[in-house]
Each structure stands twice: as C-alpha cells, then as structure tokens.
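[1] missing the sequence, but the structure's below:
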C-alpha cells in the first residue's frame, strides 16, 4: 500500500490560517485548498499565530502556527538593535517579525519532515525551505505577474534548479517561465483565486442595495462606482476623483464608495492619502464616501450598492479578489489593460479594459458611455455572474489543484 503523503501549505503572508475577519484573500485561498484531503494526500498548514485563534474552533493537527513564545519575543526585540544592512545580509529581509516568523517555520519544517512543501508568496522563504529540508519536493506558489521583473534572473535560476512544481494565480508567469525554459522539467498550473457563490452571488438583492445606499443619501437611480483595496497612487485613485469631478461639471451625478484603510496596509502612503482626502473635501464633498475597512462577511452589502467597479492599477495586477467578488455579485468592472485583468475581463462583455496611458481620459469616456446606456450594463451584469460560475468557483479551483497534486501522489 502506498504511503499517504503529507503536504505542507506554508503561508509567506503574515496572516493566520484559518482566516479571521481581518484576513485578506490569501489565507482564505489556503484554507480552501487545505480542507481537501484525499486517500493519498494529507494537507497541513503553517501560518502566523493570531490572538483571534483563541476564540476559534479549528483542527489543531491540520493548522499549525508559529506561536509568540518567550524566546520569539526576546529574539524579535534583540533584532531591533541589529542594523538593517546586517539583517538583510543574514536573512534576506529586514522586518523583525518576518524574520522571527520565517525562522520558526524553518524549525517546524525540520521537525515535521514533510513530503511536499508548497510555499505561498515570499520567494526568500521558498529558498530557505528548499535549503533547510531538501529531501521534500518543493513547490512555489507565485501570486503576482511579471515573474522575471519581481524575482530576477538569479532567483528564477534557483527556482528552475530546485523546484518540483510551480503554481501561479494567473497564466502569464507560467507562460513567462516556459518562454525562458521551453522544456520545463516540472509541472506548472494556474490556480486562480476563487469565490464561494453562497457568500456573494446568492446574496444579490435590490432591497439590500436600496438600504445600503440610503446610508449615504443615495437614490436608487444614482450612478454608483465602487473600489475596494489599497489607498495608493498605484491604483489611480486621484485620476478617478478627477474623472468624477469632470462628470459632475457636465451635470452627471456620480457617486463613489471606497472600501479600504491605511491602518491595515503594510506600506501606507500617507501623503497620497492626504491628497485624496483634501481633493474629495474641496471638490466632491457629497460624492465620495470613504467606508473604511470592511470585513469579508460584510462585503456583499457593499457590492450590492454598486453599478460598476473600478480597478485602475498602473504598474501590475495579479488576480484581484475585489475584481472576482464584484463580478460574482453581477457588478461589471472597468480595469486597466494590465496583468491578470486581461485574463478576467473580456472588453464589452463582463467589463471594460482601458489603456494605462491617460487613465483619466479613458475612464471618462467609458463612464459617459455606460451612464447613458444602462441596458448594456444590465447585460454585462448577467455575463459577469456567468463568467464566475463557469471559471472561478471554489469547487473549480479545488479540482484544478487536486489534479495538479496527483503529480506528487
């Protein structure tokens, strides 16, 4: 009889699994993939400890955590006095809590001796785990686009030499890897982000839309744009404000709901945020509504209130949960023609693609067209839901993941 393989899903993100109400998409994706043990594969997860776990009932044998022990706390305090350049040279990164967390993962992997290790997100962690326990088969789950730009040639060479598999949440990194090495020696697969339809599509409600809009004195026929995510320059938010101001001067009453908070961002841009706030106060006081951070279980209320969503990334975009969740609620999207957006949005069917150059001008043109043609928006809404049901449900992605893991049974 074949031995059951033990596969460790290791989160490079400093968020806990099982996820809590503050968790972004990655912990939810890891949890979704981890609950599908088979007769030949048993999954375990390593993630950072969080105090919310005290109130959570979960499988302690499946979900392992790097706990804040006395020695971990002491080590982190000690690192505070080590110059950044030395921390960078020794560990490859300089954030004290990340160093402590990753060193804890290394110790646990040495102790547990898994058959397969899948490292999510941080490549330096992948490299360390390959070195600390080379007997395991190591798989890297890349969660962005522009593989060569983000990893660099040296890291890609390491990946090609040491990896037993490669996963990505868009197609482009795999295509890029295959172009660099036409005869790829290990399996590679795209596992997109996914949504639970009962959390979103099943909660579409015109009554809820009206109730939510009333909080901001919005009428049922007001045109409402939505954005959820980081409040950064990269997302073209000031250009979005300027486009709404232009439409306001033309007599079009457009409102914007923004879900996000600097408090949960790892690298907040306070200067840019202040510019946004000041612009909104001076020119769009009654039209831009800052909602703050919204827990995952409340997002469906936000999506219900929208006519269209926007994701105007300037430099790169992977497989945005905001984009997928919006589509699953029947909310078409206007997105920049970049990265994973190109794989999700078919222009004119479930949303619109606009060029990165002159975002404001291109956005204005699309919004004017849509506001004057609500019927098109209704058709796109149906297309958006069907697209998610056919391509991005949890069940679809779990099946793809299970098929990929058969390579390691």
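    Good, I have the coordinates. As the structure is a computational prediction, the values presented were derived from the model and not from experiment.

[2] give me the low-pLDDT residue ranges for this structure?
    Scanning the chain for pLDDT under 70 picks out 1-2, 93.

[3] what about residue 277, neighbour count?
    Neighbours of residue 277 under the rule other CB atoms under 10 Å: 13. From N, CA and C alone the C-beta is placed, and that goes for glycine too.

[4] before we move on, what SS does it have?
    helix (DSSP: H, G, I helix; E, B strand; the rest coil).

[5] Tell me which residues touch it, please.
    By CB atoms under 8 Å, 6 or more residues apart in numbering, residue 277 lies in contact with residue 290.

[6] In the chain, what residue spans correspond to strands?
    For the chain, strands defined by DSSP state E occupy the ranges 5-11, 41-48, 63-66, 116-120, 137-142, 165-168, 188-190, 223-228, 254-259, 288-292, 308-311, 333-336, 351-354.

[7] Mind putting those strands into JSON lines with distance to residue 17?
    Compiled in JSON lines, those are given as follows (distance: least, CB to CB, whole Å):
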{"stretch": "strand 5-11", "distance to residue 17": "6"}
{"stretch": "strand 41-48", "distance to residue 17": "4"}
{"stretch": "strand 63-66", "distance to residue 17": "6"}
{"stretch": "strand 116-120", "distance to residue 17": "10"}
{"stretch": "strand 137-142", "distance to residue 17": "14"}
{"stretch": "strand 165-168", "distance to residue 17": "17"}
{"stretch": "strand 188-190", "distance to residue 17": "21"}
{"stretch": "strand 223-228", "distance to residue 17": "22"}
{"stretch": "strand 254-259", "distance to residue 17": "23"}
{"stretch": "strand 288-292", "distance to residue 17": "25"}
{"stretch": "strand 308-311", "distance to residue 17": "26"}
{"stretch": "strand 333-336", "distance to residue 17": "28"}
{"stretch": "strand 351-354", "distance to residue 17": "31"}
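
[8] Using JSON lines, lay out those together with mean neighbour count.
    Listed next are these as JSON lines, based on neighbours: other CB atoms under 10 Å:
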{"stretch": "strand 5-11", "mean neighbour count": "22"}
{"stretch": "strand 41-48", "mean neighbour count": "22"}
{"stretch": "strand 63-66", "mean neighbour count": "20"}
{"stretch": "strand 116-120", "mean neighbour count": "26"}
{"stretch": "strand 137-142", "mean neighbour count": "24"}
{"stretch": "strand 165-168", "mean neighbour count": "22"}
{"stretch": "strand 188-190", "mean neighbour count": "18"}
{"stretch": "strand 223-228", "mean neighbour count": "22"}
{"stretch": "strand 254-259", "mean neighbour count": "22"}
{"stretch": "strand 288-292", "mean neighbour count": "17"}
{"stretch": "strand 308-311", "mean neighbour count": "25"}
{"stretch": "strand 333-336", "mean neighbour count": "25"}
{"stretch": "strand 351-354", "mean neighbour count": "23"}
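
[9] Which one of those strands lies nearest to residue 342?
    Closest approach to residue 342 among the strands of the chain is made by strand 351-354 (7.1 Å; CB to CB).

[10] Other residues contacting the closest one?
    312, 327, 332-337, 341-342, 344-345, 347, 362-363, 366, 370, 380, 384.

[11] With stretch 96-113 instead?
    Under CB under 8 Å, 6+ apart, the answer for stretch 96-113 is 6, 8, 10, 14, 44, 46, 48, 64, 66, 72, 75-76, 79-80, 87, 91, 93, 117, 122, 124-125, 128-129, 132-133, 135-136.

[12] List the buried residues of it.
    For stretch 96-113, the buried set under the neighbour-count rule, 16 or more other CB atoms under 10 Å, comprises 96, 98-106, 108-109.

[13] Let's see which of these end up in helices.
    Within the buried residues of stretch 96-113, residues falling in helices by DSSP state H are 96, 98-106, 108-109.

[14] and which of those is nearest residue 266?
    Nearest to residue 266, judged by CB to CB, of these is residue 98 at 10.2 Å.

[15] For residue 223, state which of the ones in helices among the buried residues of stretch 96-113 is nearest.
    Taking CB to CB as the measure, residue 223 sits nearest to residue 98 out of these, at 42.8 Å.

[16] Is it correct that residue 237 is in contact with residue 279?
    No. Using CB atoms under 8 Å, residue 237 makes no contact with residue 279, being 9.3 Å away.

[17] Narrow the contacts of strand 351-354 to those that are buried.
    Using 16+ other CB under 10 Å, the buried ones in the contacts of strand 351-354 are 312, 327, 332-336, 341-342, 344-345, 362-363, 366, 370, 380, 384.

[18] dump the residue contacts of the nearest residue to residue 147 once chain neighbours are set aside.
    Leaving aside its chain neighbours, residue 147 sits nearest to residue 173 (4.2 Å; criterion: CB to CB, 6 or more residues apart in numbering). Contacts for residue 173 (CB under 8 Å, 6+ apart) come out as 142, 144-147, 166.
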